[in-house]
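# Have a look at this prediction, sequence included:
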Amino acid sequence: MKLNPSRLRTKAAQAAARLATRASRLTGRGAGGMIGGLVAGLIDPNIMNHLGGGRPVALVTGTNGKSTTTRMLASALRSHHTVATNDGGDNMDAGIISALMAGKDATHVVLECDELHVPAVADRLAPKVLVLLNLTRDQLDRVGEINKLERALRSCVEKHPDMTVIANCDDVLVTSVAFDAPNVVWVSAGAGWTGDSASCPRTGGHIVRQGDDWFSSVPLSDGRPFRRPTPTWSVSDDALSSPEGSHKLELSLPGRANRGNATQAIAAAAAFGIPISDALQAVASVTDVAGRYSTIPFEGRDVHMLLAKNPAGWQEALSMVDRTADSLVIAVNGQVADGEDLSWLWDVYFESFDDLHVVASGERGTDLAVRLTYAGISHELVPGLVDAIRACEPGRVEVLANYTAFRDLKKGLLAK
């Protein structure tokens, strides 16, 4: 009996990926979440299609909250199924391939997906559900203008009409992406940052905001008004509202944004037939997302770690900082993974941190220090990440860092 050549290639790709992953771990170069998928994809360009295997797939995308929402949705689905997921946050092709290989026997797939990669991944995996969280400026040197990304995602939704779209109707750009989707579930998940949605992405008309409502001053080309849809799911400080009624939502993770993430995760779980009561219990059990929100003991200090990557994420994370802590370390790098253009620092409102001992740190700590100076925030500049923690008196230290600064500081603290 002859084996299908494409299947032979897939098997060879998986074998090579396992070797590459093992070598990466043994040499201490990393966890192998990327290299295995990268090697497999080079050997078999169709491996993602093969590994998908027709299983029910959920893709989670957006500028902020992808990892948290993915973890919550995977937890909810695990209450009834086995799940393959990229819980390490590797959300481009190589990371997705690695997740599919690691979870080849799972019945369901939940994937965090980089916004730029969603169209190609959707074509390969034909997702049952797409979760759209938010769209704001992020790494302009890589992603480009946000309206271009909105158009690409809108085309993806049009191309997959059978896909259920879980969309945040409080976000103007997300609403534009999903506005004409035949299977859309509207969720009021909040939009703390509105600086990137002053105009309608379809007509250029000014967005008028009236409380929770918003609408474009210019109708669409077919005469329809472009206005915030009526949600069937919403969240408040006290409860989650669904088509089945009101539910108590208790989370281990802090912040209004995470309540919105949880609501979209639960709405997505419901699209897979998961009872709301089970989903609520599952998302409440999520306490840590790749070290975010964790507290690390270090030389007499309790270091509380918060991650932020763009203006919207920084503004949300700043609201989570414990103002009763003894010190605040803000750390900024400018590597490729962070985005090398840090001009967005001037869009973040730092002005309210004059009541804490503040330390600026990271490879781009000087840029940050200039911004803090103009914000009128007294601070000291300590470029070394671990040294910045040591510059704080023993006690509780809040840390707010962008991607590689967060990663490197966490590694440095745990290595001591």
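Yep, that arrived. Source: prediction; values computed, not measured.

# Check whether Gln315 really touches Trp193, as I assumed.
Yes. Between Gln315 and Trp193 there is a contact under CB atoms under 8 Å: 5.6 Å. For the C-beta atoms, the positions are set from N, CA and C on the backbone; glycine is no exception.

# The two: which has the busier surroundings?
More crowded of Gln315 and Trp193, by other CB atoms under 10 Å: Trp193, with 23 against 20.

# tell me the mean pLDDT for stretch 177-185?
Taken as a whole, stretch 177-185 has an average pLDDT of 97.

# would you put the C-alpha positions of that stretch in CSV?
Written as CSV, here are the backbone C-alpha positions of stretch 177-185 (Å, rounded to 0.1, in the frame of the first residue of the first chain):
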residue,chain,number,x,y,z
VAL,A,177,-14.7,44.5,10.1
ALA,A,178,-17.8,42.5,11.2
PHE,A,179,-20.6,44.9,10.2
ASP,A,180,-21.8,42.8,7.2
ALA,A,181,-20.9,39.3,8.6
PRO,A,182,-23.9,37.0,8.3
ASN,A,183,-23.0,35.2,11.5
VAL,A,184,-22.0,37.8,14.0
VAL,A,185,-22.4,38.0,17.8
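
# Helices of the chain, residue ranges please.
5-26, 35-43, 47-52, 66-77, 93-102, 118-125, 146-159, 172-178, 256-271, 276-284, 311-320, 365-374, 385-390, 403-415 (DSSP state H).

# Switch those over to a markdown table; also include distance to Leu135.
Below are the helices of the chain laid out as a markdown table (distance: least, CB to CB, whole Å):
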| stretch | distance to Leu135 |
| --- | --- |
| helix 5-26 | 32 |
| helix 35-43 | 26 |
| helix 47-52 | 24 |
| helix 66-77 | 12 |
| helix 93-102 | 20 |
| helix 118-125 | 11 |
| helix 146-159 | 6 |
| helix 172-178 | 4 |
| helix 256-271 | 14 |
| helix 276-284 | 23 |
| helix 311-320 | 9 |
| helix 365-374 | 24 |
| helix 385-390 | 30 |
| helix 403-415 | 18 |
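
# Ok, which of the ones you listed comes nearest Leu59?
When those are compared by CB to CB, helix 118-125 sits nearest Leu59, at 6.2 Å.

# In PDB, list the C-alpha atoms belonging to the closest one.
Extracted as PDB, the C-alpha positions of helix 118-125 are listed here (Å, rounded to 0.1, in the frame of the first residue of the first chain):
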ATOM      1  CA  VAL A 118      -5.400  35.900  10.300                       C
ATOM      2  CA  PRO A 119      -6.400  35.900   6.600                       C
ATOM      3  CA  ALA A 120      -3.900  33.200   5.600                       C
ATOM      4  CA  VAL A 121      -4.500  31.100   8.800                       C
ATOM      5  CA  ALA A 122      -8.300  31.300   8.200                       C
ATOM      6  CA  ASP A 123      -7.800  30.100   4.600                       C
ATOM      7  CA  ARG A 124      -5.900  27.100   5.900                       C
ATOM      8  CA  LEU A 125      -7.900  26.100   9.000                       C
END
